[in-house]
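> okay, predicted coordinates and the sequence, questions at the end:
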Amino acid sequence: MRPNILLTNDDGVNSGGLWAAYEAMSAFADVTVVAPAVQQSAVGRSISIFEPLRMNEVRIGDRTAYSVEGRPTDALLLGLYGLNLKPDLVVSGINLGENISYESITTSGTVGAAMEAANQGVPALAYSLQMSDQGNKFTDPRCHTQDFSQAKEVVENLTRMFLASGLPENCHLVNINIPACRMEGYEVTTLGTRLFDTYVEKRIDPRGKPYYWINGDVIYTPEPHSDVTALRNNRVSVTPLTLDNTAFAACGDLKKLLADQGF
Ligand SMILES: Nc1nc2c(ncn2[C@@H]2O[C@H](COP(=O)(O)O)[C@@H](O)[C@H]2O)c(=O)[nH]1
């Protein structure tokens, strides 16, 4: 019996990275694509609960997919509860651009969809491919036709492994980042810290009114065993994640703070 995979992404249903993942996995699994109609980068795990959602069955080349006019999380939920898919695994990606560090994984729509799958009780993998400039993916269609051969090899290897073994205990999803250059092995990593020196640029429009642009210069903090360091060393970064954001190590200090106040 072939396993069932629900495949989504945040670069949209036409993304070359999405269909590279489809090609890598359809050799050994039944893959159903449910993905956003258009680019949804950096929307995190946002969910559309105040507006209706349209889903259309579309043809992409000689394949069929479900295109959702919504967020990656919306596409995932419509796959599970609109189409009543019962996947053994959810895969989100292959994202055009890395999704590393704890600063980024909460802004990433790719990781957001995988988090929502895990939240719904389905093991999930997020795959992202390092790129020289993520900005290209919004304007340059050629980045959707770049060489995905190494990324497909990684997707096949790790998806087969996790289908056979399941995710490790205490791990709800796995965030996988693939180097742009020839990979030099795999590495289990922890999340790096900062990745951007964020700033807001103020500009004036032709009518003299100000508008603002959020941006960030990439900063590199070499932290041992982090996803950032592994990727910079051309290693495939494999990071186990949980949905629990509790700062367990701070509970004791917090209890003391409350006690000192007599609360
Ligand atoms: N927090 C910031 N993240 C940024 C910035 N510039 C780029 N990014 C990256 O966006 C991706 C979105 O991920 P996707 O899976 O939705 O494509 C995220 O991983 C960040 O690395 C920035 O200035 N600040």
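Perfect, thanks for sending it.

> for the rest of this, base every contact and every neighbour count on C-alpha atoms.
Will do.

> how many other residues sit next to residue 59?
When neighbours are defined as other CA atoms under 10 Å, residue 59 has 13 of them.

> and the closest residue to it other than its chain neighbours, how close does it get to residue 250?
Excluding its sequence neighbours, the residue lying closest to residue 59 (CA to CA, 6 or more residues apart in numbering) is residue 65, at 6.3 Å. Per CA to CA, to the nearest Å, residue 65 is found 45 Å from residue 250.

> then residue 52?
40 Å.

> interface residues of the protein facing the ligand?
10, 41-43, 95, 98-99, 103-105, 107-110, 196, 198, 215-216 (CA under 6 Å from any ligand atom).

> quick one, helices of the chain?
16-25, 72-81, 101-105, 109-119, 136-139, 149-165, 227-232, 251-260 (DSSP state H).

> so residue 219 sits against residue 192, correct?
No: at 11.3 Å, residue 219 does not count as touching residue 192 under the criterion of CA atoms under 8 Å.

> list the contacts of the residue in the stretch 151-263 of the chain that the ligand sits nearest to.
In the stretch 151-263 of the chain, no residue comes nearer to the ligand than residue 216, which is 3.5 Å away by CA to the nearest ligand atom. Shown in contact with residue 216 (CA atoms under 8 Å, 6 or more residues apart in numbering): 196, 197, 198, 199.

> report pLDDT for it.
For residue 216, the model assigns a pLDDT of 91.

> that one pairs with what?
Following DSSP bridges, residue 216 is listed with bridge partners residue 198.

> residue 89 too?
residue 5.

> how many residues are close by it?
With other CA under 10 Å as criterion, residue 89 counts 23.

> where in the stretch 51-200 of the chain is pLDDT low?
134-135, 141-145 (pLDDT under 70).

> switch to 80 and redo it
132-145 (pLDDT under 80).

> rewinding a little: narrow the residues of the chain next to the ligand to just the buried residues.
10, 41-43, 95, 98-99, 104-105, 107-110 (16 or more other CA atoms under 10 Å).

> okay, and the beta partners of residue 57?
residue 66.

> that one and residue 79 touch, don't they?
No: judged on CA under 8 Å, residue 57 makes no contact with residue 79 at a distance of 11.8 Å.

> okay, those two: which has more neighbours?
Neighbour totals were compared for residue 57 and residue 79, and residue 79 leads with 24 against 12 (other CA under 10 Å).

> quick one, what contacts the more buried one?
Here residue 79 is in contact with 6, 34, 85 (CA under 8 Å, 6+ apart).

> follow-up on the earlier one: could you tell me how many residues sit around the residue nearest to residue 59?
Residue 65: 19 surrounding residues under other CA under 10 Å.

> ok, residue 132 next?
Residue 132, neighbours per other CA under 10 Å, totals 10.

> could you do residue 172 as well?
A count of nearby residues for residue 172, using other CA under 10 Å, gives 22.

> wait, what's in contact with residue 192?
100, 101, 102, 223, 226, 227, 228, 229.
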